[in-house]
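Asks: what follows is a protein structure lacking sequence information:
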């Protein structure tokens, strides 16, 4: 999926919602535990109940890896179940030397067949460039994360501003707006303007709305561009809306609230 | 395995060699391809042929993930085959928020049962601290990597020196010498002194000797401490020493060369 296709899905669905599939065996409704693959059964029902309200799903790979090869099977089945018109983003936060990066690219793009993978920038350009050999696939680079520890290094002063700004400045030219996004934590929405001054046209993946406390209105006010340019993620707030047999309907209800807020934002922006 | 146990294995084996199991289906000897799990068959023979010459094995997880759940099965079988007296290090370069980090810890420490995992420091302390709840397990933080792209961010000037020094300064107090190591690329051995001035007592995992061009003598001269404090990794130079049916013997011969060089270094240091 390319930049314009993604924007078209946003326009059509009146939504820039990304749903995080951080599916924890310990948190899914008990009545699913009798199935052969409860995590997949859970994800399947969440996807079936919400795919018309969101433009992306983002499974965090940690939740699958924590169950070894069985978890990888659940992840593969989940990704295969996501409809073609929804962007598939593996939240993996990888980053390794070129030789190894090609292996990750193969694993996530050829094998798992997702549209995008999140990466840590610490190892620099050659840990990112090999991914760009895949057409219509994306890297999503960590710039400004939404956790407390982000302050440890991402806010360090460097010659060109703080470290997260240096990451944006350098890495924006490694690829294009058609294959690169950045993670920008919503809990730091006051910093969104500084991010947009460096990368006005890129898509930003914004975690931290919902359970982590970020405000959708504030994110949109500072982050929206003329192709929307935002994927706002919510994970726990949607997928764990209910622990009962109505979990999928409850997830849909939460997703619908966000979609309706996003529709107002898109309407007001004339998008 | 704790700090002193690791040192004792180094003293007993006269080696601080770590062998990287970066096992690529496209590079293993053709006669193994008929087996049900060629990657595991390859690793098993490499381990059987070299475990008395090294103190650690380091499978790079990318090479297994590139094959999806089947790759994870190969990885699990490989880790299970490593003898108890050899340190098991998953080269995964993970890093995520606390909630998710606990999932990675479960995946690598409970499920895969390795002694250590490599992590990227970009997301800060709360992406590392949850791992310390596991006794006698280690995190190995990227500080100074051996690739060209390392220069992009790791050498940026900050208030307390370059970024890699800031990473060492802050993170050395997150844990102890008993649960934290640092990755320091051998191709930058001239910087090893600066690393040692900040973390004199920690173990350092040193990649880049061999295929990436680092010098063992230079690494030892600047990096050795009174508990050795070094795990020097070689991957391709050992495991792909031969593409023939003699690949395991050839790997042993290469490992033996390194072990013998290390024995001289340990002898000269009185360790």
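Replies: Looks like it came in fine. Computed from a predicted model, the values in this text were never measured in an experiment.

Asks: can you give me the helices in chain A?
Replies: Taking DSSP state H as the test, the helices found in chain A are A:3-13, A:38-50, A:62-65, A:68-81, A:98-105, A:150-153, A:163-171, A:192-198, A:216-223, A:236-239, A:247-268.

Asks: which of those helices sits most buried?
Replies: With neighbours taken as mean count of other Cβ atoms under 10 Å in any protein chain shown, the helices of chain A reach their highest mean count in helix A:62-65, at a mean of 26. C-beta: built from backbone N, CA, C; applies to glycine.

Asks: hmm, back to that, just put the helices of chain A in CSV and tack on distance to chain B and mean pLDDT.
Replies: Listed next are the helices of chain A as CSV, based on distance: least, Cβ to the nearest Cβ, whole Å; pLDDT from 0 to 100:
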stretch, distance to chain B, mean pLDDT
helix A:3-13, 24, 98
helix A:38-50, 12, 98
helix A:62-65, 4, 94
helix A:68-81, 4, 95
helix A:98-105, 4, 90
helix A:150-153, 3, 95
helix A:163-171, 6, 97
helix A:192-198, 15, 95
helix A:216-223, 18, 93
helix A:236-239, 8, 95
helix A:247-268, 18, 97
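
Asks: hmm, residue A:198 is touching residue A:173, no?
Replies: No: assessed by Cβ atoms under 8 Å, residue A:198 is found out of contact with residue A:173, at 11.0 Å.

Asks: still on that earlier bit, do you know which of the helices of chain A lies nearest residue B:165?
Replies: helix A:150-153 (11.7 Å; Cβ to Cβ).

Asks: any idea how far the nearest residue to residue A:87 once chain neighbours are set aside is from chain B?
Replies: Using Cβ to Cβ, 6 or more residues apart in numbering or on different chains and skipping residues adjacent in sequence, the residue nearest residue A:87 is residue A:56, 3.9 Å away. Going from residue A:56 to chain B by Cβ to the nearest Cβ, to the nearest Å gives 18 Å.

Asks: about what we covered before: to residue B:10, which of the helices of chain A lies closest?
Replies: helix A:98-105 (26.3 Å).

Asks: for that closest one, packing partners?
Replies: Using 3 or more Cβ pairs under 8 Å, 6 or more residues apart in numbering or on different chains; DSSP states H and E, the elements in contact with helix A:98-105 are strand A:87-94, helix B:62-65.

Asks: give me the distance between the last one and the centre of its chain.
Replies: When C-alpha coordinates are averaged (Cα atoms, centre = their mean, to the nearest Å), helix B:62-65 and its chain have centres 15 Å apart.

Asks: need the contact partners of that helix.
Replies: With Cβ atoms under 8 Å, 6 or more residues apart in numbering or on different chains as the test, helix B:62-65 has contacts from A:72, A:94, A:96, A:100-101, A:103-104, A:107-108, B:21-24, B:39, B:71-72, B:74-75.

Asks: ok, now with 7 Å
Replies: Outside helix B:62-65, the residues within contact range by Cβ atoms under 7 Å, 6 or more residues apart in numbering or on different chains are A:96, A:100, A:103-104, A:107, B:22-24, B:71-72, B:74-75.

Asks: how about stretch A:31-42?
Replies: By Cβ under 7 Å, 6+ apart, stretch A:31-42 touches A:23, A:25, A:28, A:74, A:77-78, A:245.

Asks: identify the farthest-apart pair in those residues.
Replies: A:77 and A:245 (21.6 Å).

Asks: contact partners for residue A:47?
Replies: With Cβ under 7 Å, 6+ apart, residue A:47 has these contacts: A:57, A:81-82.

Asks: any idea how far it is from residue A:238?
Replies: 12 Å (Cβ to Cβ, to the nearest Å).

Asks: ditto for residue A:139
Replies: Distance from residue A:139 to residue A:238, by Cβ to Cβ: 25 Å.

Asks: ditto for residue A:94
Replies: 25 Å.

Asks: likewise residue A:167?
Replies: When distance is defined by Cβ to Cβ, residue A:167 is 29 Å away from residue A:238.

Asks: now the contacts of stretch A:31-42 as CSV including distance to residue B:181?
Replies: Listed next are the contacts of stretch A:31-42 as CSV, based on distance: Cβ to Cβ, whole Å:
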residue, distance to residue B:181
A:23, 32
A:25, 31
A:28, 36
A:74, 32
A:77, 36
A:78, 34
A:245, 47
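
Asks: hey, what's residue A:205 bridged with?
Replies: residue A:183, residue A:231 (DSSP bridges).

Asks: for it, give me its contacts.
Replies: Residue A:205 sits in contact with A:18, A:140, A:181, A:183, A:231, A:233, where contact means Cβ under 7 Å, 6+ apart.

Asks: same deal with residue A:113?
Replies: Shown in contact with residue A:113 (Cβ under 7 Å, 6+ apart): residue A:79.

Asks: mind running it again at 8 Å?
Replies: Taking Cβ under 8 Å, 6+ apart, we find residue A:113 in contact with A:79-80, A:88.

Asks: repeat for residue A:200
Replies: Residue A:200 neighbours (Cβ under 8 Å, 6+ apart): residue A:225.

Asks: quick one: contacts of stretch A:79-92?
Replies: With Cβ under 8 Å, 6+ apart as the criterion, stretch A:79-92 contacts A:1, A:6, A:9, A:18, A:20, A:40, A:43-44, A:47, A:51, A:54-61, A:104, A:108, A:112-119, A:138, A:140, A:205, A:231, B:96.

Asks: could I have the buried ones of the residues you listed as ChimeraX selection syntax?
Replies: A single ChimeraX command is used to select the members of the contacts of stretch A:79-92 judged buried by 16 or more other Cβ atoms under 10 Å in any protein chain shown:
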select /A:1,6,9,18,20,40,43,44,47,51,54,55,56,57,58,59,60,61,104,108,112,114,115,116,117,118,119,138,140,205,231 /B:96
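
Asks: just put the helices and strands packed on helix A:98-105 in a markdown table and tack on distance to residue B:266.
Replies: Formatted as a markdown table, the helices and strands packed on helix A:98-105 follow (distance: least, Cβ to Cβ, whole Å):
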| stretch | distance to residue B:266 |
| --- | --- |
| strand A:87-94 | 35 |
| helix B:62-65 | 30 |
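
Asks: between the contacts of residue A:205, which sits nearest chain B?
Replies: Closest to chain B out of those is residue A:183 (10.0 Å), distances taken as Cβ to the nearest Cβ.

Asks: touching, that closest one and residue A:145? I think so.
Replies: Yes: the pair residue A:183 and residue A:145 qualifies as a contact (Cβ under 8 Å) at a distance of 6.2 Å.

Asks: which neighbours do the two share?
Replies: By Cβ under 8 Å, 6+ apart, the residues touching both residue A:183 and residue A:145 are residue A:207.

Asks: low-confidence ranges in the stretch 101-250 of chain A?
Replies: A:188, A:210-214 (pLDDT under 70).

Asks: run through the bridge partners of residue A:19.
Replies: residue A:57, residue A:234.

Asks: quick check, pLDDT for it.
Replies: Reading off the confidence values, residue A:19 has pLDDT 98.

Asks: correct me, but residue A:244 touches residue A:29?
Replies: Yes: assessed by Cβ under 8 Å, residue A:244 is found in contact with residue A:29 at 6.2 Å.

Asks: which one's more surrounded, these two?
Replies: Between residue A:244 and residue A:29, counting by other Cβ atoms under 10 Å in any protein chain shown, residue A:29 is the more crowded of the two (18 against 11).

Asks: that one and residue B:167, how far apart?
Replies: 42 Å.

Asks: which residues touch the closest residue to residue A:262 other than its chain neighbours?
Replies: Spatial nearest neighbour of residue A:262, excluding adjacent residues (Cβ to Cβ, 6+ apart): residue A:15 at 5.0 Å. Residues in contact with residue A:15 (Cβ under 8 Å, 6+ apart) are A:53-55, A:258-259, A:262-263.

Asks: let's go with 6 Å and repeat that
Replies: Contact partners of residue A:15, counting by Cβ atoms under 6 Å, 6 or more residues apart in numbering or on different chains, are A:53-55, A:259, A:262.

Asks: and residue A:46, by the same measure?
Replies: A:239, A:251.

Asks: and residue A:6, by the same measure?
Replies: Listed by Cβ under 6 Å, 6+ apart, residue A:6 has no contact partners.
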